[in-house]
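*Asks:* need coordinates for the below:
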Amino acid sequence: MKLKLDAIVHQHLDDWRLMIGQERMYMMQGPTITIYIGGKPAVTTWKRAAMAVSRTLNGHFTANPESTRFDFAPGDLTRKAVYTLLRDWLQKTGKEFEAHEVLLHNQHDIAQAREDVTINDFELDMAVLWAARVLGMEKYTDVITQYYLNYIRTGMPHHMEIACVEEMRASPENPLWTTMINRLTYLRHTNQIKDPKKFSIFLKKHPILANCIESADLHFRCRAASNGWDYDEQVHQEDHSTTGPGGDYMTAHKGEISAEEAVMMWIESPDPVLVLYQAL
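*Replies:* Purely as a prediction, here's the structure:
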């Protein structure tokens, strides 16, 4: 059956936060699209609004103007995360005077993050961040990213949280992933890991995570040996934006290895490029 021509809209990628209320309301009119995950409908939303906020959907529907559906493979995204971004958030902010960014699943006081966040909240928020990256909507989830960067930097993430970040990291330079690697490297180096034996067993089940921690530790030792950092001043936390690595924790025993030895260890590592890339 031929699709109706009224399914066609011409909409460029825009910034939902900078639109006036009337413009956002206009975006929520006209034809709709349905997002499918694994062949099952996940959410139906406004085509024009979706094309305005999602880089991925804008590219697809610009190239396929008569289409009214977009398919993700099973397991790529969660239905709730897609609904949050493409329906719930659009609807809530569509009529507001100013459109805010996508917010946390449950609002918490950032100073009480470690006490307030449940594993369910964490997984839901990570799923939203993952979906935002896949949909090309990262700029709308900066509040969530910044919140969890602080969350990871202020304590020892639970094993389920670590596994969740690893699973949804999307790319090696994901700020939550790099911050977590550096945080765990620092905690392990300073013997602050709770139940080290249990953590060691956990790492054996997550070889990618274990290799990244070893790579980061090796790189930090190399830098420390080369620069003569004091063991008592081993932590150098850097403030990064959400578009780059975050929260570097640099650790080393001064004098434990020479600079030459550290460099040779780095060069002779299985993947020296990965060592440097993960740790910078």
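*Asks:* hey, C-alpha coordinates of stretch 43-53 in CSV?
*Replies:* Coordinates of each C-alpha in stretch 43-53 appear next as CSV, following Å, rounded to 0.1, in the frame of the first residue of the first chain:
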residue,chain,number,x,y,z
VAL,A,43,6.7,4.4,20.8
THR,A,44,4.7,6.5,18.4
THR,A,45,5.7,10.1,18.3
TRP,A,46,5.6,13.3,16.2
LYS,A,47,7.7,13.0,13.0
ARG,A,48,8.6,16.7,12.8
ALA,A,49,9.6,16.9,16.5
ALA,A,50,11.6,13.6,16.2
MET,A,51,13.5,14.9,13.2
ALA,A,52,14.2,18.2,15.0
VAL,A,53,15.8,16.6,18.1
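*Asks:* pull out the buried positions in that stretch.
*Replies:* V43, T45, W46, K47, R48, A49, A50, M51, A52, V53 (16 or more other CB atoms under 10 Å). Yep, even glycine has a C-beta here, placed from its N, CA and C like the rest.
*Asks:* so what touches that stretch?
*Replies:* 7, 9, 11-14, 16, 19, 24, 26-35, 57-58, 61-62, 68, 79, 82-83, 86-87, 90, 94, 137, 140 (CB atoms under 8 Å, 6 or more residues apart in numbering).
*Asks:* weed out the non-buried ones from those residues.
*Replies:* Neighbour counting by 16+ other CB under 10 Å classes 7, 9, 11, 14, 16, 19, 24, 27, 31-33, 35, 57-58, 61, 68, 79, 82-83, 86-87, 90, 94, 137, 140 among these as buried.
*Asks:* for the lengthiest helix in the chain, buried residues please.
*Replies:* Counting by DSSP state H, the longest helix found in the chain is helix 207-227. Going by neighbour count (16+ other CB under 10 Å), the buried part of helix 207-227 is 209, 211-225.
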